[in-house]
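K.L.:
Would you be able to build a 3D model of this:
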Amino acid sequence: MQIDLMKHSASVGLENGSVQMKPYASTRFLSVLMRPGVVSVPTVQRETLVIAAAGGNVWMGTKRLEVSEICSHETLLRLQRIAINLMFPSSGQCMPVAKVCDGRNDVEGGADELNCENYNCPPGFWKCANEKECIPVENVCDGNSYYWMSSCSDSSDEANCGEWNCTKGWWKCANNLCIEEKTVCDGRSQCRDSSDEDNCDNWVCSPGFWKCQNNLCKMLGVVCNGANDCGDNSDEMNCESWTCPEDKWKCHDSVCINLKSVCDGTADCRDGSDEILEFCREWVCADYEGRHYKLKYFKCADGIQCVDAINICDAYGTKNCFDGSDELNCETVAPPPGYIKCGDMRTNVQV
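P.N.:
Alright, predicted model coming up:
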């Protein structure tokens with residue numbers, strides 16, 4: 001059984017012989033009973049944290065970890081992308097440091113909000129003037145003083161912004177607000193004084209963006225996609241010589257479409273070149289892992305059509321392949337990454 005901690009877990013605890021993982025938006029625990037055998041937890045580094053039954057021990061490869069070490073183990077830190085290093089004995093619960101001293105009780109009894117005056121905010125966080133709350137540093141001087149938007153309850157994060165240096169990847173407006181750098185010169189004002197849309201002829205677009213002839217910055221993914229995203233149509237010029245991004249595919253007419261749309265049974269290229277039968281028989285279905293997402297596609301038995309691997313033996317038994325082959329032999333077909341097989345031994349569900 002595999003549990004995707006990156007997607008489902010905000011806290012990890014041990015109780016009554018069970019490893020417990022509490023989802024971010026849930027008040028209940030998901031329990032993995034410590035039965036004989038192991039539970040494998042894949043990490044983003046493709047390592048495996050093995051939780052074994054014997055004595056409630058936790059193993060990382062051949063290294064045994066004490067239960068008290070679970071919260072601070074670097075593998076779990078990487079899984080959460082933000083340190084999980086505080087154990088609250090009253091609940092046996094590990095909390096992401098992002099939730100400690102954030103002004104909200106996340107642990108029974110409010111243990112995560114005690115003695116915050118003496119708590120040092122973790123890297124990437126800023127301490128409010130009231131000395132009781134830590135907020136993400138990118139929320140300082142962002143123009144939002146609403147407490148529910150991870151701002152300080154005393155609004156101190158919006159004071160003295162003239163002296164504040166915006167964090168890396170953010171840009172300072174003329175009125176001293178901080179906005180994401182990638183939104184500068186995008187044709188929509190994020191600064192309340194519109195200063196982010198001034199002097200765009202001298203602005204260098206952020207990585208992953210492309211500059212239109214009218215000086216607007218647009219994401220690389222919209223260049224030569226068949227739509228006028230710049231407004232002056234400059235993003236649709238000279239497409240014959242344009243190289244589509246790695247998660248796109250170039251049609252015969254030079255339009256870039258999503259890689260996952262190639263040979264999916266529906267023509268996405270205006271000239272239909274992504275669905276030519278002879279081509280699709282030779283096409284290797286998308287298997288792409290990028291910075292923000294990954295694609296994993298399955299080739300139907302007809303050898304032509306590609307469908308998303310998550311549709312193989314899905315809970316509804318829906319035939320996504322025209323020939324229905326994605327719903328055949330489900331008892332023996334392994335589930336795709338991030339999915340497990342149900343007790344009926346045929347249905348795959350996301351974990």
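K.L.:
alpha carbons only for contacts and neighbour counts from here, please
P.N.:
Noted.
K.L.:
which stretches of the stretch 251-351 of the chain aren't confidently modelled?
P.N.:
For the stretch 251-351 of the chain, applying pLDDT under 70 flags the ranges 288-295, 338, 350-351.
K.L.:
Oops, could you answer that again for the stretch 1-150 of the chain instead?
P.N.:
1-96, 145-150.
K.L.:
and with 80 instead?
P.N.:
1-99, 106-109, 111, 145-150 (pLDDT under 80).
K.L.:
can you list the domains in the chain?
P.N.:
Using automatic domain parsing, the domain ranges for the chain come out as 5-96, 249-350.
K.L.:
Please state the backbone phi and psi of residue 139?
P.N.:
For residue 139, the backbone dihedrals (degrees, to the nearest 10) come out as phi -90, psi -10.
K.L.:
Relative to residue 210, how far out is the spatially closest residue to it that is not a sequence neighbour?
P.N.:
In this structure, residue 139 finds its nearest non-sequential neighbour in residue 151, 6.6 Å apart by Cα to Cα, 6 or more residues apart in numbering. Residue 151 sits 33 Å away from residue 210, going by Cα to Cα, to the nearest Å.
K.L.:
Comparing these two, which shows the higher neighbour count?
P.N.:
For residue 151 versus residue 210, the count of surrounding residues by other Cα atoms under 10 Å is larger for residue 151: 27 against 20.
K.L.:
Now that that one has come up, it's in contact with residue 157, right?
P.N.:
Yes. Under the criterion of Cα atoms under 8 Å, residue 151 makes contact with residue 157 at 6.8 Å.
K.L.:
so who does residue 265 touch?
P.N.:
With contacts defined as Cα atoms under 8 Å, 6 or more residues apart in numbering, residue 265 is in contact with 275, 305-306.
K.L.:
Now stretch 189-209: buried residues?
P.N.:
190-191, 194-197, 200, 203, 205-206, 209 (16 or more other Cα atoms under 10 Å).
K.L.:
doesn't residue 262 make contact with residue 307?
P.N.:
No. Residue 307 lies out of contact with residue 262 (Cα under 8 Å); the separation is 9.9 Å.
K.L.:
the more surrounded of those two?
P.N.:
Looking at residue 307 and residue 262 with other Cα under 10 Å, you find the greater number of neighbours at residue 262, namely 29 against 24.
K.L.:
Against residue 274, how distant is the more buried one?
P.N.:
As judged by Cα to Cα, residue 262 and residue 274 stand 5 Å apart.
K.L.:
what's the overlap in contacts for the two?
P.N.:
Shared contacts of residue 262 and residue 274, defined by Cα under 8 Å, 6+ apart, comprise residue 268.
K.L.:
sorry, back to before: selection in ChimeraX covering whichever of the contacts of residue 265 are buried, please.
P.N.:
Restricted to buried positions by 16+ other Cα under 10 Å, the ChimeraX selection for these reads:
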select :275,305,306
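K.L.:
ok, of the contacts of residue 265, which one's closest to residue 284?
P.N.:
residue 306 (8.7 Å; Cα to Cα).
K.L.:
Okay, and the beta partners of the closest one?
P.N.:
residue 299 (DSSP bridges).
K.L.:
Tell me where the stretch 51-200 of the chain has strands.
P.N.:
Assigned by DSSP state E, counting those that start in this stretch, the strands in the stretch 51-200 of the chain fall at 58-60, 63-65, 84-88, 93-96, 125-127, 134-136, 170-172, 178-180.
K.L.:
The stretch 251-351 of the chain too?
P.N.:
With DSSP E, counting those that start in this stretch as the criterion, the stretch 251-351 of the chain has strands at 256-258, 287-289, 294-299, 306-308, 339-341, 348-350.
K.L.:
so which of the ones you listed gets nearest residue 224?
P.N.:
strand 256-258 (5.8 Å).
K.L.:
in its sheet, what does the closest one sit against?
P.N.:
Short version: by DSSP bridges, strand 256-258 pairs with strand 248-250 (antiparallel).
K.L.:
For the partner strand, which outside residues touch it?
P.N.:
If you take Cα under 8 Å, 6+ apart as the criterion, strand 248-250 is touched by 221, 243-244, 256-259, 262.
K.L.:
quick one: residue 313 from residue 343, how far?
P.N.:
For residue 313, the distance to residue 343 equals 13 Å [Cα to Cα].
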